[in-house]
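>>> predicted structure and sequence below. I'll ask about it afterward.
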Amino acid sequence: MFHRIFKQLTGRPFSFALALFCFVLFLSGLFINHEFSRIRENIKHEAFVNLLTLGARLEGEINSHLVVLRGLKAEIAINSDITQSEFESLAQEYLQSQLSISHLGLAPDLVITNIYPLQGNERALGLDYRTVPQQMAVIQEAIDKNEIIIAGPVKLVQGNTALVVRVPVFIGENRDQLWGVITGVIRDQMLFEQAGIAENLWGLNIAIRGHNGLGEEGDVFYGSEKTFTADAVMVDVILPSGRWQIAASSNNGWQVDQSHYFSYWFVAILVSLVIAMASYLISTNYREKLIAIETANYRANYDGLTNLSNRYHFTQQLKATIHEHQRHQHKFALFFIDLDYFKEVNDNWGHHAGDELLRLFADRMSSIVRSDDLLARLAGDEFVIVLKDIETATQAELLAEKLQMELGEPYPIQGRHLSVTHSLGIAIFPEDGQDLEALLQNADRAMYEAKRAGKNRIFFFNEQLSQEVKRHVQVHNEILDGLRHGEFELYFQPIMDLEQQSISKCEALVRWNHPKKGLVSPIEFIPIAEHTGAICNLGDWILEETCHLLNKMAEKGVDVQVSINRSVAEFQGRNVDQRWLNTLKKYHIDTSRVVFEITESLLMGGVESQLEKINTLRASGIAFSIDDFGTGYSAINYLRHYPVDYLKIDRSFVKDVMDDEQDRTLVEVIIKMGQTLGIKVVAEGVEDQAQLDLLSSYGCDFIQGYHLGKPMPFDQFLSFCLVYSPLETA
Ligand code: C2E
Ligand code: CA
Ligand code: CA
């Protein structure tokens, strides 16, 4: 199975390789696509993790600034009357650390009293926050919540931006007495720098939003607004009150580098190419091997010159044929053929001519035998033929004669015409040998005898068979000649309807006016004609002649139904039913005027095609009669299943009907049986009145026999019918 598929695929290596290339490339495409979306997810994930770190760092930075403010808050809570100098030294200490706090301010009772560094900030001293509603709103919120609030970034008067941190301070034992606020101003850009944030980090866009700690509702205050796309990764930065959102996005939508893409495809194409090329090489190689094996097989089984089977192959085939015919109990014929004077052809015309002759001879033989027969060249000018499934040896003889005639026609060789005869020996399976060796040996021996008898001859291995076959073939050929020369004639024997007392039927019986032997009885040649197949030619003539004469009868006013004898062999031809119907049509014969007499063997044979033909003919109006009923299968039991209209009691029973009790009973039973089944009964061979009376008393429908009239030539039959007066019946 796999081998067959592979053989088919590799039958066209290039197409196969091309298909494979496309297939592998397609798979690679799927893989690359999958791989790249995975990489893209990875890049995004990596950015997210980095952003988390960044956010944490920013939170850390903010907290380290808040620590300073919380420290200051604690200091004031203990020492609410802090002096300017105390504050300055404290602030100085705090601001020494690498912080981004630009200045600190104290506002007890919400009025700014201390600022560090004071330089440049003098104007703010004495400012009462309550007079600046913008700032007061945030401060009030911080006081209400008792929470540090980071506002901004806001634009400073100095030009740069900063975050403003408000720290509410409560004093007293329970810390429930508002002291005021501490304000810290943090330079945001510096803070971000310290946290390691840059607008263009890792090749990504970084931005922060959440002005005044409003989260995603607050404005963007760092980086570009565009960074916050749907595709961006985001992380929250938690403030003491509220939060910011920090985002990172990629300019190319997290796409993988184009060059990566190209290199992936480059590799994919390369791999597909390599695989396709490898498959191409393998399959061409495999194909060559297959061809080599097939060639070797062919050489082992066939003869190179004639292309016929060689001895080895033929032996195998013959063994199988013997086996098969043994099983079905069929006959076959083995021909052993040897060219006459082949050595002389070689000597006089050269080996090329000899080879050419063998080739043409073999070709011509192949065209003559049937396709399922065996044909082989054993050696040199020796050939064998096995004619399968033959019925009789005569069939073999007829084919041998055909071969002898056609193979003897001249062959065009080297611009000339060369004729050659051959000697042919025939052995028949199973009579002349049951196994391969015996059959070959006996056919060979018969061929040798044919050579010895003077060449160009056909010899059977079995002498007796040979004699019989020769006689049959001679009769066969004589019948065919006789048909051509009009040597046959139809006689008619009247059949009387016992009830009507009239000649309502007749039987057509063939006679042969042989030029040498005179009038020959059908008993002598019909069986042989059935054997050789000549019955088909004869039967066709009989039907035509009957039709012709039926028309002549009608012209004379004689209206009888005619029975025609049909042999089993006649039903074997293809479409004979249609051919016969066509003949009737050609002569305008009403089918109801024709009865076909057949023997039980045709019905018992169980050959489906033959029964079909009978049914077709009956359906067209031709009646059927069983001839010689009681002799063959005596199948009275089967009678009900037969598709027939009449049966004819064989004359051997009628002959003894008066004297033989058993025959009498049988005749009576047959007649009664026919009556029950609706099959009309004809008794043949009625020779006297006593027989007629008895049959009549049994209820027989028709009688035929010498008592009524012998078979007679047509003209005589016409007169017989015209002058007929009923016989006396009891
Ligand atoms: P069959 O079909 O049984 O034909 C009846 C034979 O009995 C005829 O012999 C006929 O002459 C003979 N016969 C008729 N009445 C009597 C009688 O009262 N006494 C005696 N002793 N014989 C009687 P025939 O014509 O010699 O035919 C012999 C057989 O040859 C036929 O037997 C039939 O099987 C075959 N035959 C004859 N003509 C044809 C034909 O046209 N086609 C085929 N296929 N077979 C035919
Ligand atoms: Ca008959
Ligand atoms: Ca008969």
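Good, I have the coordinates. Numbering: from 1, shown residues only. Ligands and ions are numbered 1, 2, ... in the order given.

>>> residue 223: what's it in contact with?
Neighbouring residues of residue 223 by C-beta atoms under 8 Å, 6 or more residues apart in numbering: 199, 205-208, 247. Every C-beta, even on glycine, is put in place using the N, C-alpha and C of the backbone.

>>> which among the residues you listed count as buried?
Among the contacts of residue 223, those classed as buried by 16 or more other C-beta atoms under 10 Å are 205-208, 247.

>>> which of those sits closest to residue 338?
residue 205 (101.9 Å; C-beta to C-beta).

>>> after the host helix or strand of that closest one, which helix or strand is next?
Secondary structure assignment for residue 205, by DSSP states H and E: strand 204-209. Using DSSP H and E, the helix or strand that follows strand 204-209 in sequence is strand 220-222.

>>> that following strand pairs with which strands?
Strand 220-222 has its sheet partners listed here by DSSP bridges as strand 204-209 (antiparallel).

>>> and the top helix by length along the chain, what does it pack against?
The helix that spans the most residues within the chain, counting by DSSP state H, is helix 13-78. Under the contact criterion of 3 or more C-beta pairs under 8 Å, 6 or more residues apart in numbering; DSSP states H and E, helix 13-78 touches helix 84-96, strand 101-108, strand 161-171, strand 177-186, helix 188-195, strand 233-238, strand 243-249, helix 258-301.

>>> one more time with 6 Å, if that's ok
strand 161-171, strand 177-186, helix 188-195, strand 233-238, strand 243-249, helix 258-301 (3 or more C-beta pairs under 6 Å, 6 or more residues apart in numbering; DSSP states H and E).

>>> reformat these as a markdown table; add distance to residue 426 and mean pLDDT.
Below are the helices and strands packed on helix 13-78 laid out as a markdown table (distance: least, C-beta to C-beta, whole Å; pLDDT from 0 to 100):
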| stretch | distance to residue 426 | mean pLDDT |
| --- | --- | --- |
| strand 161-171 | 123 | 90 |
| strand 177-186 | 125 | 89 |
| helix 188-195 | 114 | 86 |
| strand 233-238 | 99 | 89 |
| strand 243-249 | 100 | 90 |
| helix 258-301 | 25 | 87 |
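
>>> for residue 54, give me the pLDDT.
Per-residue confidence at residue 54 stands at 88 (pLDDT).

>>> can you tell me the closest non-neighbouring residue to the residue in the stretch 551-700 of the chain that ligand 1 sits nearest to?
Across the stretch 551-700 of the chain, no residue is closer to ligand 1 than residue 565, which sits at 3.4 Å (C-beta to the nearest ligand atom). In this structure, residue 565 finds its nearest non-sequential neighbour in residue 597, 4.8 Å apart by C-beta to C-beta, 6 or more residues apart in numbering.

>>> for residue 448, same thing?
Nearest one to residue 448, counting by C-beta to C-beta, 6+ apart, is residue 425 at 7.0 Å.

>>> and the helix or strand hosting the one you found, what does it pack onto?
Assigned by DSSP H and E, residue 425 belongs to strand 422-429. Where contact means 3+ C-beta pairs under 6 Å, 6+ apart, strand 422-429 is packed against strand 331-339, helix 393-407, helix 436-452, strand 458-460.

>>> need those in TSV (columns: mean pLDDT).
Formatted as TSV, those follow (pLDDT from 0 to 100):
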stretch	mean pLDDT
strand 331-339	96
helix 393-407	93
helix 436-452	93
strand 458-460	93
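
>>> turn those into TSV, columns for mean neighbour count and distance to ligand 1.
Formatted as TSV, the helices and strands packed on strand 422-429 follow (neighbours: other C-beta atoms under 10 Å; distance: least, C-beta to the nearest ligand atom, whole Å):
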stretch	mean neighbour count	distance to ligand 1
strand 331-339	24	24
helix 393-407	19	17
helix 436-452	19	33
strand 458-460	26	28
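
>>> out of those, flag the one nearest residue 582.
Closest to residue 582 of the helices and strands packed on strand 422-429 is helix 393-407 (C-beta to C-beta; 26.9 Å).

>>> still on that earlier bit, just so I know, which of the helices and strands packed on strand 422-429 lies nearest residue 39?
Closest to residue 39 of the helices and strands packed on strand 422-429, according to C-beta to C-beta: helix 436-452, at 75.3 Å.

>>> farthest pair in the buried ones among the contacts of residue 223?
Spanning the widest gap among these are 205 and 208, at 11.5 Å by C-beta to C-beta.

>>> shouldn't residue 377 be within a strand?
Yes. According to DSSP: H, G, I helix; E, B strand; the rest coil, residue 377 belongs to a strand.

>>> and it, how far from ligand 3?
51 Å (C-beta to the ion, to the nearest Å).

>>> what about that residue, how many residues nearby?
Neighbour count of residue 377, defined by other C-beta atoms under 10 Å: 24.

>>> what's the answer for residue 638, then?
Neighbours of residue 638 using other C-beta under 10 Å come to 12.

>>> residue contacts, it?
Not one residue lies near residue 638 by C-beta atoms under 6 Å, 6 or more residues apart in numbering.

>>> that older thread, out of the helices and strands packed on strand 422-429, the one nearest residue 535 is which?
Closest approach to residue 535 among the helices and strands packed on strand 422-429 is made by helix 393-407 (12.1 Å; C-beta to C-beta).

>>> angle of the closest one against strand 331-339?
Orientation check (axes from the mean of the first three to the mean of the last three C-alpha atoms, to 10 degrees): helix 393-407 against strand 331-339 gives 30 degrees.

>>> what's across from residue 168 in the sheet?
Judged by DSSP bridges, the bridge partners of residue 168 are residue 181.

>>> so it touches residue 142, yeah?
Yes. In terms of C-beta atoms under 6 Å, residue 168 counts as a neighbour of residue 142; the distance is 4.7 Å.

>>> distance of the residue in the stretch 151-300 of the chain that ligand 1 sits nearest to relative to ligand 2?
Among the residues of the stretch 151-300 of the chain, residue 298 lies nearest to ligand 1; the distance is 49.3 Å by C-beta to the nearest ligand atom. Counting by C-beta to the ion, the gap from residue 298 to ligand 2 is 56 Å.

>>> show me where pLDDT drops low in the stretch 51-200 of the chain?
Within the stretch 51-200 of the chain, the stretches with pLDDT under 70 are 97-98, 157-158.

>>> redo that, cut-off 90
Filtered on pLDDT under 90, the stretch 51-200 of the chain yields the residue ranges 51, 54-55, 58-59, 61-106, 108-110, 112-142, 144-147, 150-163, 170-179, 184-200.

>>> what do you get for the stretch 451-600 of the chain?
In the stretch 451-600 of the chain, residues with pLDDT under 90: 452-454, 462-472, 531-533, 572-574, 600.

>>> I am finished for the moment; much appreciated.
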